[in-house]
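Participant: just need the structure, nothing else, for what follows:
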Amino acid sequence: MQTQRMNNLCEATTSPKDSRAIQWLTAISFLISSSLLFLFLFEWERYCRFLGGRTASLSWTDAGLMLWLLIAKSMLWFVPLLPFMALLTVLGFQRAAAVALVLSWVFIFYFMATDVICVGFQGWHLWDYAPYLQYVLKNPDQSVWQWTKEWIPLEAGVLFLLFAVAGTAWFFAVRWTMRKVSLRWRRLTQREIVAGATVAFALIVSGMVWAPDLCYDRPAMDRVFDALPYPSAVTERIQRKTITASFSQPNRSSTVTELPPMPFSLQDELLAMRLIADAAAPGPVDESAFVQRPNLPNIILIIFESFRHSAISPDLMTRVHTWSEQGLRLNRHYSGSNCSHLGLFSMFYSRAPLAYHETLDRKIPSQFFTSLRRSGYRITFLTCGETKGFRKVDSYINKDTCDAILSKGRFELSASKEWPDTDRWKLEWARNAVQGTDRQPQFIFFYLVSSHYPYEFPPEFQVLPQPSRHWQFLSPRERIRGLTSRYVNSLLFLEHELMKLFQSIDPERNIVIVTGDHGESLGEDGVFIHASRMSEIQIRVPFVMVGPGVPRRQVSTATVHMDVLPTLLRVLAGRPVPIAHSDGRDLVAESNPPDRVVVVPANGKQWDGLVVVSGNKRLAFSRIMSREGNVELDFAGEIDEGGDFLPRRGRDPATQADADKLR
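Facilitator: As a prediction, this is how the structure comes out:
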């Protein structure tokens, strides 16, 4: 009753002009205050995760500029709405204006919330899924439908309801406060106050332009810009403006103008140029690359889904780590990519996956399968449908290239609880197959899928506890803790099952290879899972080979999946086996191979290139089309461990002169 009386009193003592002023001040105050609350209660921790290790090194000035930018980006959405709302208010439709504001607020803030969750999970904006869905619709036989049909989680609906209730309640709270204050302070509705509030709103929104220009840490600002809920055309236009401003002030931004020249090796550029040229016209499979030798050992290739490079270590999979010491261990090993189809291609073709589509469109068979089949191996693939219809993988892993494909279970999120049983079946089948009396050598390969998101394991292997699922949805910190716990539990389960296989097979008759198709992020590079960033954690994987003829050795320089086949054929033959059109190296012959490899990460729909890992440098080269229609090489920049581009630097004069002579 008291509140109603207050409202009636306000309406009785407020003129139409004052009422319009209060409505406008309510809208401005509502947008500013709700943007602040949204930032501190929901966004700030997520954007700090995007920055990774840079958060701790941000100066107070840069942190303040980041806050200004993030508040501005929320309020910018309402700039087109405010004139419409002002028109309704002037015409006397104040309730309609209020309804339009609140409804817009709910949908805009819900969109920003879901977008920042998507970006924080896999590095993709909501609109980035549209091209993938279009690809699925146009190529139903070349994509995994089950990943596009993942059910919308309950939390998404709860989040919408939360914003609908909170937004409406906060608007009424702000309006009630403004009316009450206007009764005590009559000057609130004067023209100067209204104009000042409007100017304050405009100044805050201008942070989209000026905050980046004033920021010293350009790489941090660039990563924040990539995460903003705006199309790239908008953010890139602002970035171009601010980068130009930074270059025009050489004394302000040492990160842009005072860096020493990058030691850009001519060998790095030559390697990238050769691979881009090879990708344009990939050569045929080498039919002569095989082994003629009696009593060849069986080969079991075990591919972990989403295998982090630190998994086989004294701190996690300790028993597998101890077992691996009797064979070849590659301590700095890279998959060919950060996604499954390109990672598999690099191993099974022994080529850089830059030529993925060109090779498969020419129907060139896998070098791995060709070499082993011509060596007398029977090839068996155990699966639960991981490669069926996925990105053309079944064009080279099929019933024509394999002697047998045995399937059990489903590789779908809705069936993820079945994955541990499927993995047990695969390991049990492989154990029984190599214990038979058939002297034809067996090549058996399969995925272990329990380590794929959402990281499944039987209840008895829940070693690390998990926070509430709903709390994980709202808190990035709890999401990291929860997913890390699940991932560790899944690896401990798979280690237990692996050791059953290792302890039951004859070590003199079986070569076992353990590796991964790609790495996995658990928040280290600002995102989760894989296929989104050119980071070490998404590209590096463990690699172990144990068996007869395999040297007991550790290699600490960079190696890659393309090296697997030449190394394996050397072990089988006891001598080098050259492979034409292969980019791989024999790691047995080269006890200390050059510290230079090539990977081809997936990094968004606009990226088409490769990364040369050369020592501690990571150099990105893109493949572009010239005006004449020729494919050319462009140096995109140097990237750090998190996959971020470092400030652009030039090459040293000596290297530039060598490159000019080469051209």
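
Participant: CA atoms for contacts and neighbours, from now on please.
Facilitator: OK.

Participant: mind pulling up the pLDDT for the residue most central in space within the chain?
Facilitator: Residue closest to the average C-alpha location in the chain (CA atoms, centre = their mean): S532, at 2.4 Å. With respect to pLDDT, S532 has a value of 86.

Participant: once you drop chain neighbours, what's closest to it?
Facilitator: N603 (5.3 Å; CA to CA, 6 or more residues apart in numbering).

Participant: now the one you found, what's its secondary structure?
Facilitator: Using DSSP: H, G, I helix; E, B strand; the rest coil, the structure places N603 in coil.

Participant: swap in Q440?
Facilitator: Here Q440 is recorded as coil under three-state DSSP.

Participant: what does Q554 give?
Facilitator: strand.

Participant: sorry, back to before: so what's the residue nearest to the centre of the chain up against?
Facilitator: Counting by CA atoms under 8 Å, 6 or more residues apart in numbering, S532 makes contact with Q122, G123, W124, N338, A602, N603, G604.

Participant: kindly write the PyMOL command that selects the buried subset of those residues.
Facilitator: In PyMOL syntax, the buried subset of the contacts of S532 is picked out as below (16 or more other CA atoms under 10 Å):
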select buried, resi 122+123+124+338+602+603
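
Participant: okay if I get the contacts of S532 as JSON lines plus pLDDT and distance to L619?
Facilitator: Shown next, in JSON lines, are those (pLDDT from 0 to 100; distance: CA to CA, whole Å):
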{"residue": "Q122", "pLDDT": "79", "distance to L619": "23"}
{"residue": "G123", "pLDDT": "80", "distance to L619": "21"}
{"residue": "W124", "pLDDT": "82", "distance to L619": "23"}
{"residue": "N338", "pLDDT": "94", "distance to L619": "16"}
{"residue": "A602", "pLDDT": "87", "distance to L619": "15"}
{"residue": "N603", "pLDDT": "78", "distance to L619": "14"}
{"residue": "G604", "pLDDT": "69", "distance to L619": "17"}
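
Participant: can you pick out the most distant pair from the contacts of S532?
Facilitator: W124 and N338 (14.8 Å; CA to CA).

Participant: surely the residue nearest to S532 and Q538 touch.
Facilitator: No: the pair N603 / Q538 is not scored as a contact, 11.1 Å apart, by CA atoms under 8 Å.

Participant: which residues are in contact with each of these two?
Facilitator: Counting by CA under 8 Å, 6+ apart, the residues touching both N603 and Q538 are A531.

Participant: can you classify the residue nearest to the centre of the chain by secondary structure?
Facilitator: Under three-state DSSP, S532 falls in the coil class.

Participant: also the one 5 residues further on?
Facilitator: Per three-state DSSP, the secondary structure class of I537 is helix.

Participant: so what's it up against?
Facilitator: I537 makes contact with R308, H309, G519, E520, S521, E524, D525, E641, G642, according to CA under 8 Å, 6+ apart.

Participant: which residue packs closest to the first one, ignoring adjacent ones?
Facilitator: In space, R308 comes closest to G519 once its chain neighbours are excluded; the distance is 4.7 Å by CA to CA, 6+ apart.

Participant: which strand or helix spans that neighbour?
Facilitator: Assigned by DSSP states H and E, G519 falls within no helix or strand.

Participant: from here on, call the first residue 26.
Facilitator: That works, and once the first residue is 26, the last one we named lands at G544.

Participant: wait, doesn't it sit right on N363?
Facilitator: Yes: assessed by CA under 8 Å, G544 is found in contact with N363 at 6.4 Å.

Participant: could you report the neighbour count for the residue lying closest to V656 once chain neighbours are set aside?
Facilitator: Leaving aside its chain neighbours, V656 sits nearest to M650 (4.7 Å; criterion: CA to CA, 6+ apart). When neighbours are counted by other CA atoms under 10 Å, M650 registers 11.

Participant: now do H555
Facilitator: When neighbours are defined as other CA under 10 Å, H555 has 26 of them.

Participant: distance of it relative to L50?
Facilitator: 46 Å (CA to CA, to the nearest Å).

Participant: for I430, same thing?
Facilitator: With CA to CA as the criterion, I430 and L50 are 69 Å apart.

Participant: who has more neighbours, the two?
Facilitator: When neighbours are counted by other CA under 10 Å, L50 comes out ahead of the other of I430 and L50, with 23 against 16.

Participant: my read: the more buried one touches A222, true?
Facilitator: Yes: taking contacts as CA under 8 Å, L50 lies within contact range of A222: 7.0 Å.

Participant: packing partners of the strand or helix carrying G89?
Facilitator: Using DSSP H and E, G89 sits in helix 85-101. The contact analysis (3 or more CA pairs under 8 Å, 6 or more residues apart in numbering; DSSP states H and E) places helix 85-101 against helix 41-63, helix 216-230, helix 232-239.

Participant: avg pLDDT for it?
Facilitator: Average pLDDT, helix 85-101: 92.

Participant: how much does the helix or strand following it deviate in direction from helix 41-63?
Facilitator: For helix 85-101, the following helix or strand on the C-terminal side (DSSP H and E) is helix 106-115. Helix 106-115 and helix 41-63 are oriented at 150 degrees to each other (axes from the mean of the first three to the mean of the last three CA atoms, to 10 degrees).

Participant: mind listing what's buried along helix 106-115?
Facilitator: L107, M110, A111, L113, T114.

Participant: switch those over to JSON lines; also include distance to A125 and pLDDT.
Facilitator: Below are the buried residues of helix 106-115 laid out as JSON lines (distance: CA to CA, whole Å; pLDDT from 0 to 100):
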{"residue": "L107", "distance to A125": "10", "pLDDT": "87"}
{"residue": "M110", "distance to A125": "7", "pLDDT": "85"}
{"residue": "A111", "distance to A125": "11", "pLDDT": "83"}
{"residue": "L113", "distance to A125": "10", "pLDDT": "84"}
{"residue": "T114", "distance to A125": "11", "pLDDT": "78"}
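
Participant: which parts of the stretch 276-425 of the chain are helices?
Facilitator: 279-282, 291-305, 343-349, 365-374, 381-386, 392-399 (DSSP state H, counting those that start in this stretch).

Participant: grab the longest helix from the protein for me.
Facilitator: In the chain, taking DSSP state H as the definition, the longest helix is helix 179-209.

Participant: who are the packing partners of that helix?
Facilitator: helix 27-38, helix 41-63, helix 119-147.

Participant: C-terminal to the second one, what's the next element?
Facilitator: Per DSSP H and E, the first helix or strand lying C-terminal to helix 41-63 is helix 69-76.

Participant: and for that next one, what's in contact with it?
Facilitator: Contacts of helix 69-76 (CA under 8 Å, 6+ apart): T80, V141, G145, A245, R248, V249, A252, P501, G548, D550, G551, V552.
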